[in-house]
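Q: based on what follows, work out the 3D shape:
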Amino acid sequence: MLHPDRLFPADPNVRAIARRLYDSVKDLPIVSPHGHTDPAWYALNEPFPDPAKLFVVPDHYIFRMLHSQGVRLEDLGIGRRDGAPVETDSRKIWRLFAAHYHLFRATPTRIWLDHAFETLFGLTDRLSPANADHFYDVIDAALKTDACRPRALYERFNIEVISTTDGALDDLAHHRAIRDSGWKGRVLPAYRPDAVVDPEFAGFRDNVARLGEITNEDTKSFAGYIAAHRKRRAYFKSMGATSSDHGHPSAATADLSSREIEALYRRVLRPDVTPEDAELFRAQMLTEMAAMSLEDGLVLQIHPGAFRNHNRDLFESFGRDMGADIPQRTDYVRALKPLLDRFGNARELGIILFTLDESVYSRELAPLAGHYPALRLGPAWWFFDAPDGMMRYRELVTETAGFYNTVGFNDDTRAFPSIPARHDVARRVDCAFLASRVATHRLDEDEAFELAHDLAYRLAKQAYKL
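A: Numbering: from 1, shown residues only. Just a heads-up that it's a prediction; the model follows:
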């Protein structure tokens, strides 16, 4: 099922170069500096329950596609907010998934799934209704063995380090348990403060009060609120964190005076906060987080541009992160200027920019990263974490930003079995891109070998201070 030349150029001469490059990096350790796997998996090291709960139920890439074709989320075992009954028979969920497997033809999800089925479970046929039960039985039997427990898979995947994404109010108990267990795997937290930074986040005021309680700071004042963030960041850093992560609707930043900030903070703590004040506060907090990054060294990741929870009915019935986040236009040149006016030339600061708006790569992001020492470009993300999206990314940014103003690859996934597949796809696409540059005499082959290693491994370690 997995062709050895998948994603390589069709031209045989260029393909031969890509093969040589890929052979030099395919077995490098995986550095996964940004993702959403559950730290409890590694702390408790319990078997995954069954194939449906491993592959289908937690993966919004899968259930958003099925939802688009009329499959009810209840029938996929997705829990409802109101506690109403949903399907609990995992074999039925798996059969439903198999009956719709054709929907994933030529998508990255299909590449990731096929890779996991073959490399983890030896399943080389295409999943279909006819073999759904066979797939289920083989995977289910494997999941009951020690070889498929989370820590064993971490080692089998050749993961060197992986970062989770954790809320600012998280006590990091699972990370503490991992550290205290003596296991040698490196699972690091990342500071994600959206719930206490976004005034439009559900429960924002209660979250800010809780932030004050756990830090013993008075978060009714902006000074106390910032002090609380500093304490939480220090705690995260003590548990191994090297980055913070910010999923704002836009890339807006601001640089208000102290007096303006205090007045704004009082307004956003009111229940009738306006959308304009919420946006201005988020903008100011990106600048504040950059200032804190200069102090404590955490790398600042900015993930803007998603219209979150676009499907109102789904949000009301099932909650957040149900596959209904939609990309939208994002301005970076004007939006980032207040932050860059203060910190853009700070060489010791690391700001990694992501986008869901491909139109800005060559026009805005590559020129910005190609100029400001503080900026680096994150890889093709989310909807564009795909072979064609990755290739477009390299084609659009390399001529202006080069390779060394990018940060390699991160998989950004909740789907643990897909991690090796995602990194394999990225390595294949990068080798295909480099091979095309060698074939057209824009790059010497010895440089391409060095770059292949950098893109697969070194740049991520360097950018995320790992």
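
Q: now for R210, how many residues are close by?
A: If you count neighbours by other C-beta atoms under 10 Å, R210 ends up with 17. (C-beta placed from N, C-alpha, C; glycine too.)

Q: and the residue nearest to the spatial centre of the chain, what does it touch?
A: The centre of the chain sits closest to D412, judged by C-alpha atoms, centre = their mean, with a distance of 2.3 Å. Residues near D412 by C-beta atoms under 8 Å, 6 or more residues apart in numbering: H34, G35, H36, W381, W382, D385.

Q: so which of those residues is the most crowded?
A: H34 (27 neighbours).

Q: that one is in contact with A190, isn't it?
A: Yes. Counting by C-beta atoms under 8 Å, H34 does reach A190; the two are 6.8 Å apart.

Q: which neighbours do the two share?
A: In contact with both H34 and A190: S163, T165, S243, D245, Q301, using C-beta under 8 Å, 6+ apart.

Q: just give me the neighbour total for the third one.
A: Burial of S243 is recorded as 27 neighbouring residues (other C-beta under 10 Å).

Q: tell me the pLDDT of it.
A: Looking at S243, its pLDDT reads 98.

Q: could you find the closest non-adjacent residue to it?
A: Leaving aside its sequence neighbours, S243 sits nearest to V299 (C-beta to C-beta, 6 or more residues apart in numbering; 4.1 Å).

Q: quick one: V161 is in a helix?
A: No. Using DSSP: H, G, I helix; E, B strand; the rest coil, the assignment for V161 is strand, not a helix.

Q: that one against A460, yeah?
A: No. With contact defined as C-beta under 8 Å, V161 does not reach A460; the gap is 9.2 Å.

Q: now do the shared contacts for these two.
A: Jointly contacting V161 and A460 under the rule C-beta under 8 Å, 6+ apart are V31, P33, L466.

Q: can I get the residues you listed in a markdown table with neighbour count, distance to H67 and secondary structure?
A: As requested, these are exported to a markdown table (neighbours: other C-beta atoms under 10 Å; distance: C-beta to C-beta, whole Å; DSSP: H, G, I helix; E, B strand; the rest coil):
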| residue | neighbour count | distance to H67 | secondary structure |
| --- | --- | --- | --- |
| V31 | 26 | 33 | strand |
| P33 | 27 | 30 | coil |
| L466 | 18 | 36 | coil |
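
Q: with pLDDT and distance to A142 added, can I get these in CSV?
A: Below are the shared contacts of V161 and A460 laid out as CSV (pLDDT from 0 to 100; distance: C-beta to C-beta, whole Å):
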residue, pLDDT, distance to A142
V31, 98, 26
P33, 97, 28
L466, 96, 31
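
Q: can you give me the strands for this structure?
A: 30-32, 159-163, 166-167, 187-188, 191-192, 243-246, 299-302, 306-307, 326-327, 351-353, 375-377 (DSSP state E).

Q: V161 and A460: which is more packed in?
A: Shown here are V161 and A460; by other C-beta under 10 Å, A460 has more neighbours (24 against 19).

Q: contacting residues for the more buried one?
A: Neighbouring residues of A460 by C-beta under 8 Å, 6+ apart: V31, P33, V407, G408, F409, N410, L466.

Q: residues in contact with the residue nearest to it when sequence neighbours are not counted?
A: Spatially, and ignoring its direct neighbours in sequence, A460 is nearest to G408 (3.7 Å; C-beta to C-beta, 6+ apart). Residues near G408 by C-beta under 8 Å, 6+ apart: V31, P379, D454, L455, A456, Y457, R458, L459, A460, A463.

Q: repeat that with 10 Å
A: 31, 33, 376, 378-379, 423, 426, 430, 454-464 (C-beta atoms under 10 Å, 6 or more residues apart in numbering).

Q: check the contacts of A460 and tell me the two furthest apart.
A: The two members of those with the most space between them (C-beta to C-beta) are F409 and L466, at 13.4 Å.
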